[in-house]
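Colleague: Provide a 3D model corresponding to the input given below.
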Amino acid sequence: MTQTLLEPDAGAQRTAPPRLGFLGVGWIGRHRMEAIAKSGVAEVAMIADPSPEMAAEAGKTAPGAELVSSFEDLLDAELDGIVIATPSAMHAEQSIRALERGAAVFCQKPLGRTADEVRRVVDAARAADRLLAVDLSYRFTEGMRRIREIVQAGELGRVYAVDLIFHNAYGPDKPWFYDPALSGGGCVMDLGVHLVDLALWTLGFPGVAGVTGRLFAGGEPLGERPDRVEDYAVATVDLDTGTTVQLACSWRLQAGVDAMISASFYGTGGGAALRNVNGSFYDFAAERFRGTQRETLAGPPDEWGGRAAVDWATRLAAGERFDPETERLVQVSGVLDGIYGR
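Modeller: Take a look at the predicted model:
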């Protein structure tokens, strides 16, 4: 490694910012790179993308970064961390290879197409003692952080019901999203992963007692179709605590707005909900409910999109290594497996 990364309990800090490589700089990869660069907590050292044009465009944000042609170039550079924003089928293997070469990893969701793939990545992070994180970005909205604080403090009483929605008026524009072998699934893998994570994270990751799901494609039950992915799904997740989590997600829903996104928590002492504003993908408001009364917890503007990436880079710069909380990623993926009937 280019800097010596000491054990965090030694109380030592890096003598220089961690050097990062970025694999895949399409819209989301470049946005995360720009957020980290703007934060100043790490150096954008290398950029790799199959498209020279995309790499060159991303390089304008980090003029000092070296533009390279392959993942192998990043691995050979002995970087401190690698940010991965490639098609889903590549996430697990690329993450494992980076971790085995001694690099921390920040990966786009899903970390793996199945819980088994996710388990392999988490095990590799533990074996290498390297910091691993996934871009579960909705955790970092101000509204969700406020709601989680209230729930964790017991202010809603016993939370017995959670309702979550992520409907998207559009579908992904890359063909691989629609190939089950490459994507691992459709709207549940793409959008539902955020909903499952928000529910479990907010409630403190209780055990899961059971999962049921129904998947549709083109308005018809998906059934055993190995050549198609779902574009609409509903699911129920029963938790060991007695809480019932219900979720729905879709691509190309005729909903009259760009997106419908919400996460609602109902307890014996009140409720709280995060909802997008006016169909926006980016603007959110959070409210707390007491009977017929409501209180605003947070609202736009809120520049949350890059916070997960900056949080990972900040922790890496502080010398953090493997985080046992990473195990929670396996639980989230296991619920997705349940929805798919795997």
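Colleague: and the nearest residue to A56 once chain neighbours are set aside, helix, strand or coil?
Modeller: Residue nearest to A56 in three dimensions, not counting chain neighbours: L67, with 6.7 Å by CB to CB, 6 or more residues apart in numbering. (C-beta placed from N, C-alpha, C; glycine too.) Under DSSP: H, G, I helix; E, B strand; the rest coil, L67 falls in the strand class.
Colleague: What distance do you get for L67 to A45?
Modeller: Separation of L67 from A45 (CB to CB, to the nearest Å): 11 Å.
Colleague: Of the two, which one has the most company?
Modeller: A45 (21 against 16; other CB atoms under 10 Å).
Colleague: Point out where the stretch 1-150 of the chain drops to low pLDDT.
Modeller: 1-14 (pLDDT under 70).
Colleague: mind redoing it with 90?
Modeller: Applying pLDDT under 90 to the stretch 1-150 of the chain flags the ranges 1-15, 61, 69.
Colleague: now do the stretch 151-300 of the chain
Modeller: Short version for the stretch 151-300 of the chain, where the test is pLDDT under 90: 223-227.
Colleague: now the helices for it?
Modeller: 180-183, 187, 193-203 (DSSP state H, counting those that start in this stretch).
Colleague: same thing with the stretch 1-150 of the chain?
Modeller: Using DSSP H, counting those that start in this stretch, helices in the stretch 1-150 of the chain cover 27-39, 52-59, 71-76, 88-100, 115-128, 142-152.
Colleague: In this structure E155 contacts T268, no?
Modeller: No - counting by CB atoms under 8 Å, E155 stays clear of T268, with 11.1 Å between them.
Colleague: Between the two, which has more neighbouring residues?
Modeller: E155 (13 against 9).
Colleague: List the residues that contact R148.
Modeller: W201, T202 (CB atoms under 8 Å, 6 or more residues apart in numbering).
Colleague: Give me the distance between it and G334.
Modeller: For R148, the distance to G334 - CB to CB - is 21 Å.
Colleague: Not counting sequence-adjacent ones, nearest residue to the residue most central in space within the chain?
Modeller: The residue lying closest to the centre of the chain (CA atoms, centre = their mean) is L136, at 2.2 Å. For L136, ignoring the flanking residues on the chain, the nearest one in space by CB to CB, 6+ apart is D197 at 4.9 Å.
Colleague: Next: E142.
Modeller: Per CB to CB, 6+ apart, closest to E142 is A298, 4.2 Å.
Colleague: same deal with G279?
Modeller: Using CB to CB, 6+ apart, the closest residue to G279 is V257 (2.9 Å).
Colleague: quick one: the one you found and Y170 touch, right?
Modeller: No - V257 lies out of contact with Y170 (CB under 8 Å); the separation is 11.3 Å.
Colleague: which residues sit against stretch 333-342?
Modeller: 110-112, 114-115, 117-118, 185, 188-189, 192-193, 196, 200, 208, 210-213, 215, 233, 235, 237.
Colleague: Give the buried subset of those as a ChimeraX selection command.
Modeller: A single ChimeraX command is used to select the members of those judged buried by 16 or more other CB atoms under 10 Å:
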select :110,111,112,114,115,117,118,185,188,189,192,193,196,200,208,211,213,215,233,235,237
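Colleague: still on that earlier bit, for P110, see how far away the residue nearest to L136 is.
Modeller: For D197, the distance to P110 - CB to CB - is 10 Å.
Colleague: same question, A77
Modeller: 26 Å.
Colleague: Could you do M33 as well?
Modeller: 20 Å.
Colleague: repeat for E93
Modeller: 13 Å.
Colleague: try R19
Modeller: 27 Å.
Colleague: roughly how far apart are the residue nearest to A309 when sequence neighbours are not counted and A313?
Modeller: Counting by CB to CB, 6+ apart, A309 lies nearest to R32, which is 4.1 Å off, once chain neighbours are set aside. For R32, the distance to A313 equals 9 Å [CB to CB].
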